[in-house]
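[1] Please find the sequence and the predicted model below.
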Amino acid sequence: MYSVNEGTFENIALELFRFQAQYNPVYNHYLKCLHVDPTRITSLERIPFLPISFFKTHSVKTGDWQTQTEFTSSGTTGSTSRHAVHNLDFYLTLSQRIFESRYGPLTNYHLLALLPSYLERTGSSLVAMIDHFVKQTQSDYSGFYLHNVHDLVNAITQIKDRPVILWGVSFALLDLAEKFVLDLSNGMVMETGGMKGRRRELIREELHTILCDRFQVSVIHSEYGMTELLSQAYSAGRGYYTCPPWMKVFIRDLNDPFQTVSERAGIINVVDLANFHTCSFIETQDLGRITQSGNFEVLGRMDNSDVRGCNLLVG
């Protein structure tokens, strides 16, 4: 998979689509309900993407294998996504490779994680990834800071030998910014997630302006990932995300989930070849658009996202 490039991506993705269409019972049933013949699909744009909501109601697996661990999303009772993971080490190694390809070795950093909403539940893929990253930094300062924010602030003021990554969920970073002015000019701030119902939602520009001012950095970095995907995309500022070579984003029309659009906002669909053992073709509940540079931007969430999409497999 690591050898995938722009020239080989489509052929590999089409082969994987046909494989998953045959051996993934949920995806197979979904395609039959849509009267889609996988053998007649000859381009990525023609592939029907599985609505992410099916991870809440079904076990989405390609083939017959034993689950090593399970990632779960936050959510109310009955609305939690569950992503069966075939090999946890593969996910951790993959995530490290993606991060280091953008930012260099983790041993170059101290990583301070401020992820209260994720630490307060079990099964978070983000917590598993950050826990692995923390260990890779080989730093006594690196770690999770849940309620001990004063320890986090003290660590930032004491660290001098290498850059700090302050990695946090948006509402927790905003809470911290309202209480402290910190000098992270030699490091970076990486935001992930949103307000999680803890605070009023802010547009990205407003949030990043506040964080830049209070943490004394020029840009805010962002990580885009989700329970149902094994790969992540990163933005080095302004919210424009870049995918690893084995991940690709398409934008689908708001009124026709089977129509690709290129010059306007729509539904984000993701091809993640790393999802070999589950489903690599996921229709998210996020709105976005492709930028002129070929990256993608996340604009928000679909309204009534829980009732969107094809409901053919419920029941």
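    Sure, I can see it. Numbers count the residues shown, from 1 in each chain.
[2] Follow the chain on from the lengthiest strand in the chain and name the next helix or strand.
    Determined from DSSP state E, the single longest strand within the chain is strand 281-290. Using DSSP states H and E, the helix or strand that directly follows strand 281-290 along the chain is strand 296-301.
[3] re the thing from before, who are the packing partners of the longest strand of the chain?
    Helices and strands touching strand 281-290, by 3 or more C-beta pairs under 8 Å, 6 or more residues apart in numbering; DSSP states H and E, are strand 50-51, strand 247-252, strand 266-272, strand 296-301. The C-beta positions use only the backbone N, C-alpha and C, and glycine is treated the same way.
[4] Mind giving me the packing neighbours of the helix or strand of the chain with the lowest mean pLDDT?
    Lowest mean confidence among the helices and strands of the chain (mean pLDDT, DSSP states H and E): helix 116-119, at a mean of 82. If you count contacts as 3+ C-beta pairs under 8 Å, 6+ apart, helix 116-119 packs onto helix 125-137, strand 164-169, helix 170-179.
[5] show me the contacts for residue 65.
    Contact partners of residue 65, counting by C-beta atoms under 8 Å, 6 or more residues apart in numbering, are 86, 277.
[6] what about the stretch 201-315 of the chain, any weak spots by pLDDT?
    201, 303-315 (pLDDT under 70).
[7] for the stretch 51-200 of the chain, same thing?
    75-78, 194-200.
[8] show me where it has strands.
    69-72, 82-85, 110-114, 143-144, 164-169, 188-192 (DSSP state E, counting those that start in this stretch).
[9] Can you tell me which of the ones you listed is nearest to residue 20?
    With C-beta to C-beta as the criterion, residue 20 lies closest to strand 82-85 of the strands of the stretch 51-200 of the chain, at 13.9 Å.
[10] quick revisit: want to throw the strands of the stretch 51-200 of the chain into TSV with distance to residue 14 and mean neighbour count?
    Formatted as TSV, these follow (distance: least, C-beta to C-beta, whole Å; neighbours: other C-beta atoms under 10 Å):
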stretch	distance to residue 14	mean neighbour count
strand 69-72	27	17
strand 82-85	23	20
strand 110-114	38	24
strand 143-144	41	20
strand 164-169	36	24
strand 188-192	31	23
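[11] Of all those, which one is nearest residue 246?
    So among the strands of the stretch 51-200 of the chain, strand 82-85 is nearest, using C-beta to C-beta, at 16.9 Å.
[12] For that closest one, name the packing helices and strands.
    Strand 82-85 packs on helix 54-57, strand 69-72, going by 3+ C-beta pairs under 8 Å, 6+ apart.
[13] So what sits opposite the nearest residue to residue 59 once chain neighbours are set aside in the bridge?
    Of all residues not flanking residue 59 in the chain, residue 84 sits nearest, at 6.3 Å (C-beta to C-beta, 6 or more residues apart in numbering). Beta-bridge partners recorded for residue 84 (DSSP bridges): residue 70.
[14] list the contacts for residue 84?
    So residue 84 contacts 59, 60, 61, 67, 70, 277, 278 (C-beta under 8 Å, 6+ apart).
[15] Show me how to select, in PyMOL, the buried members of those.
    A single PyMOL command is used to select the members of the contacts of residue 84 judged buried by 16 or more other C-beta atoms under 10 Å:
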select buried, resi 60+61+277+278
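[16] Mind putting the contacts of residue 84 into a markdown table with distance to residue 21?
    A markdown table is the format used below for those (distance: C-beta to C-beta, whole Å):
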| residue | distance to residue 21 |
| --- | --- |
| 59 | 17 |
| 60 | 13 |
| 61 | 14 |
| 67 | 21 |
| 70 | 24 |
| 277 | 15 |
| 278 | 13 |
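[17] among the contacts of residue 84, which are in helices?
    Using DSSP state H, no member of those falls within helices.
[18] And the contacts of residue 84, which is closest to residue 183?
    residue 70 (40.2 Å).
[19] May I ask you to confirm that that closest one is in contact with residue 86?
    No - the pair residue 70 / residue 86 is not scored as a contact, 10.8 Å apart, by C-beta atoms under 8 Å.
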